[in-house]
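> Sequence first, then the predicted structure, then my questions.
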2 protein chains.
Amino acid sequence: MEKKNLLVGQSGGPTAVINSSLYGVVKAGLQEASVGHVYGMLNGIEGFLQDRIWEFGKDISLVEIEKLKTTPGAYLGSCRYKLPECMEDAVFAILFKKLKALNIGYVVYIGGNDSMDTVSKMSRYAAKIGSDIKVCGAPKTVDNDLVLTDHTPGFGSAAKYVATTVREITIDANVYETKSVTIVEIMGRHAGWLTAAGVLARKYKGDNPLLVYLPEVAFEEETFIRQVEAALEKNINVIVCISEGIHDAEGVLICEYGNEVGVDSFGHKMLAGAGKHLENLLRDRLAVKVRSVELNVVQRCSTMMMSKTDQQEAIGSGTFAVASVLQGVTGKMISFVRKPGDTYAISYGLEDVNEICNKEKTVPLDWIIADGSDIADAFLAYCEPLIKGNVDIPCDGLDLPDFVYRG
Amino acid sequence: MEKKNLLVGQSGGPTAVINSSLYGVVKAGLQEASVGHVYGMLNGIEGFLQDRIWEFGKDISLVEIEKLKTTPGAYLGSCRYKLPECMEDAVFAILFKKLKALNIGYVVYIGGNDSMDTVSKMSRYAAKIGSDIKVCGAPKTVDNDLVLTDHTPGFGSAAKYVATTVREITIDANVYETKSVTIVEIMGRHAGWLTAAGVLARKYKGDNPLLVYLPEVAFEEETFIRQVEAALEKNINVIVCISEGIHDAEGVLICEYGNEVGVDSFGHKMLAGAGKHLENLLRDRLAVKVRSVELNVVQRCSTMMMSKTDQQEAIGSGTFAVASVLQGVTGKMISFVRKPGDTYAISYGLEDVNEICNKEKTVPLDWIIADGSDIADAFLAYCEPLIKGNVDIPCDGLDLPDFVYRG
């Protein structure tokens, strides 16, 4: 049988382990006798359309490939390009001509729900024209908002970063004997998974963070002020975790109350400042010291608290994706299936990308308790296994993390 | 000879290793035959005046004491209380009555330049009344702004956190092929040491951060815009490091250009928002994507990138402080003296606290180059040894950092 080549791409925002997924794909592709070359699209499908490709084992050595497991970001570069809705659009013919010219038989695209839209369209176009190119998606997002999968690579490491950081911010806040409120703003536009992970910082029942607000439940300022006042009765220093996307009952974002808002190329609102707004609100209304800390991009791009479980599962999902396309699977995303029982274990599954793309999985409402200001223990049982295990990050001569770069 | 007791306190803002200094003091005190009990002031001199004390080996076990080496913050709690200027003030008599009642012979106060003011006043008052209580200071500050010492515990770990984070933010910014500027706002009101540490993130000459602005040099917006434009010609994604305290030639803080400003109990301005202001400025003036990241309190309270050199030197300075007060030294701060030669090594020295308190050491002007937008290699030679060595942080059952708390 003629050998076909494997093409892999990364899309959407960076995470701590999207390069671990890439590592899994690349290693499996290089080891598989029926695969010829393993190519990477630079900056996703957008870069591939500009003939920007990279060959693994040639443009990057086998030694350097090992470093992918401990390098955050997106080694191949990313894009937010969306293929046209109309299958008659000329871009599809151009794309598949390029795939054919490179003798591509298999495509793995690593990304979130926008990226699964690309997998859906490519696999549907392949079916339409009778191409035998197989296209599967490997999941990725710190937001953990993909449907039909127990969780998503990237979330565990980001959750561990959030939990660690909230624990450290609590220590920082406890230094003075002055009543204070610290608001920690965490990523999450519509899904509060990462903010909920703030409760992992607690060392005992009743510990900080005392209040946690997710975008799944409408946020009401007067209720919030009363809940903060009640919390200050229990603890001199109160830590509050909020999602960037919290909004009121009318759907108006809290950050819009005081700030200007932009829109990114997917029409997503660019959020900033819910924490800053609430800091100003509390300072006006309560006679306490208030500060806000926006965890910002570091929570998604840091390896400082990489979860070994997350890393290993990301590698495994990449390996499974290659096995799947080689077996003829197309139009599917690798899913994570949690096995029943007390000991945490997962298996990989396959789900129709059409059922995944452009959908969002939010935190179950019965996991949000105390009038929308706290998280139920069921979340802890769900989340704790995902942050387990630490990873040694190789260091350079300065003892700083030694990442791999495309150069 | 009658045994005297040792009293230790912490003051000022938290760092990653102020508890390592405390560990050095406590271990030395407990091991020293001529020392009776080792007491801690809770929340510094302010808490001691309220009779809030803690006994090491009793209120905290010897096993728990070991965890101080890897716990950030200030285990004993801190204060920003300043003793009165007038030696006739009744508070001094009250303070020394309490010291006598507890049979204190030795006091070690760990803190920055405001804390050295406390050491100065206590030792001067002791001399005035003929008390034989010996009082010394152990240095601490992430700002590295104490005079008469090569550097200060807390700086190395914070510098390593900044360097690592800037490297990770650079990776995050490089993901897209769209021109972008990311402004990273770093702590430092008058001294730019920590911001300068951003240049350690560079992996090669000409790497990000391409621009670095310290408060030692006046900041001019039009020059800044031209320098950013020039940097964008060299690199699609430009990372800019700024100190929170950058100001114009008239001394007006850049954060004041757009934001409200408060004042803390020492009369220090509470800064926030220079990064946000410059983000808005660049977005208005240049047609590029701009974002700002404020590293905020995490840079001073995180153990994620603790420097082993910093930790060990902090412990050593605590040990040396105890040896000094036992030898009758008073009114001195432990200083760090860098030994000449190619291999980095320090010895501890003693400097008059009156020459240290209320003064600030800033970055030498000849280490600030390229029209105030870059840092000279001399800084690298100075700073690199201070971040060397990594520390394993003990973890709890969730694999999150296992810190010790006063409970």
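On my side now, so go ahead.
> can you pull out the helices in chain A?
A:18-31, A:44-48, A:62-66, A:90-101, A:113-129, A:155-173, A:193-196, A:221-234, A:274-285, A:298-301, A:308-326, A:377-383 (DSSP state H).
> Point out the other helices and strands that the third one packs with.
Taking 3 or more Cβ pairs under 8 Å, 6 or more residues apart in numbering or on different chains; DSSP states H and E as the contact definition, the neighbouring helices and strands of helix A:62-66 are helix A:18-31. Glycine gets a C-beta too; all of them are placed from N, C-alpha and C.
> anything in the helix it packs on sitting right up against chain B?
No - using Cβ under 8 Å from any Cβ of the partner chain, helix A:18-31 stays clear of chain B, coming no nearer than 9.4 Å.
> what's the spacing between that helix and its chain's center?
18 Å (Cα atoms, centre = their mean, to the nearest Å).
> Quick one: work out the angle between that helix and helix A:155-173.
Following axes from the mean of the first three to the mean of the last three Cα atoms, to 10 degrees, one obtains 150 degrees for the angle between helix A:18-31 and helix A:155-173.
> Quick check: A:Met116 vs A:Ser324, distance?
Distance from A:Met116 to A:Ser324, counting by Cβ to Cβ, to the nearest Å: 14 Å.
> Settle it for me: which of the two has more neighbours?
Neighbour comparison, A:Met116 and A:Ser324: the larger count goes to A:Met116, with 31 against 21 (by other Cβ atoms under 10 Å in any protein chain shown).
> if we can go back for a sec, comparing the helices of chain A, which yields the minimum mean pLDDT?
Among those, helix A:274-285 has the lowest mean pLDDT, at a mean of 90.
> what about the residue nearest to A:Phe155 when sequence neighbours are not counted, how many neighbours?
Leaving aside its chain neighbours, A:Phe155 sits nearest to A:Asn144 (3.8 Å; criterion: Cβ to Cβ, 6 or more residues apart in numbering or on different chains). Neighbours of A:Asn144 under the rule other Cβ under 10 Å: 29.
> Next: A:Glu55.
Using other Cβ under 10 Å, A:Glu55 has 12 neighbouring residues.
> closest one to B:Gln312 among the helices of chain A?
Comparing the helices of chain A against B:Gln312 with Cβ to Cβ, the closest turns out to be helix A:155-173 (21.0 Å).
> tell me what that closest one is packed against?
If contacts are counted by 3+ Cβ pairs under 8 Å, 6+ apart, helix A:155-173 sits against strand A:180-186, helix A:193-196, strand A:237-243, helix A:298-301, helix A:308-326, helix B:298-301.
> Can you tell me which residues in the stretch 201-350 of chain A are near chain B?
A:201, A:203, A:291, A:293-294, A:296-298, A:300-305, A:307.
> For these, work out which two are farthest apart.
The largest separation in those, counting by Cβ to Cβ, is between A:Arg291 and A:Ser307 at 28.3 Å.
> I figured A:Met305 was touching A:Ser157, is that so?
Yes - with contact defined as Cβ atoms under 8 Å, A:Met305 reaches A:Ser157; the gap is 6.7 Å.
> higher neighbour count, these two?
More crowded of A:Met305 and A:Ser157, by other Cβ under 10 Å: A:Ser157, with 31 against 25.
> Could you check how far the more buried one is from chain B?
Using Cβ to the nearest Cβ, to the nearest Å, one gets 12 Å for the distance from A:Ser157 to chain B.
> Could I get the contacting residues of that residue?
A:15-17, A:142, A:302-303, A:305-307, A:310-311, A:387 (Cβ atoms under 8 Å, 6 or more residues apart in numbering or on different chains).
> Can you tell me which of these lies closest to chain B?
In terms of Cβ to the nearest Cβ, no member of the contacts of A:Ser157 lies closer to chain B than A:Ser302, at 5.2 Å.
> can you tell me which residues contact that closest one?
A:16, A:72, A:157, A:161, B:165, B:168.
> cutoff 7 Å now
A:16, A:72, A:161, B:168 (Cβ atoms under 7 Å, 6 or more residues apart in numbering or on different chains).
> With A:Ile186 instead?
With contacts defined as Cβ under 7 Å, 6+ apart, A:Ile186 is in contact with A:162, A:194-195, A:198, A:241-244, A:295, A:299.
> And for A:Tyr23?
Contacts of A:Tyr23 by Cβ under 7 Å, 6+ apart are A:65, A:68-69, A:315, A:318.
> got a winner among those for most neighbours?
Ranking these using other Cβ under 10 Å puts A:Gly318 first, with 29 neighbours.
> from memory it sits against A:Cys136, does it?
No - counting by Cβ atoms under 7 Å, A:Gly318 does not reach A:Cys136; the two are 10.5 Å apart.
> hang on, the earlier thing: out of the helices and strands packed on helix A:155-173, nearest to A:Arg124?
helix A:308-326 (15.8 Å).
> So which elements touch the closest one?
Helices and strands in packing contact with helix A:308-326 are listed as helix A:18-31, strand A:104-111, strand A:134-139, helix A:155-173, strand A:332-338, strand A:346-352; criterion 3 or more Cβ pairs under 7 Å, 6 or more residues apart in numbering or on different chains; DSSP states H and E.
> What strands flank the second one, and is each parallel or antiparallel?
Okay, so that is strand A:104-111. Using DSSP bridges, strand A:104-111 pairs in its sheet with strand A:4-10 (parallel), strand A:134-139 (parallel).
> looking at those, which is buried most?
strand A:134-139 (a mean of 29; mean count of other Cβ atoms under 10 Å in any protein chain shown).
> Of the contacts of A:Ser302, just say which sits nearest to B:Lys128.
Closest approach between these and B:Lys128, by Cβ to Cβ: A:Tyr161, at 52.0 Å.
> The closest residue in space to that closest one that isn't next to it in sequence: what's it in contact with?
Of all residues not flanking A:Tyr161 in the chain, A:Met305 sits nearest, at 4.5 Å (Cβ to Cβ, 6+ apart). For A:Met305, the contact set (Cβ under 7 Å, 6+ apart) comprises A:157, A:160-161, A:164, B:304.
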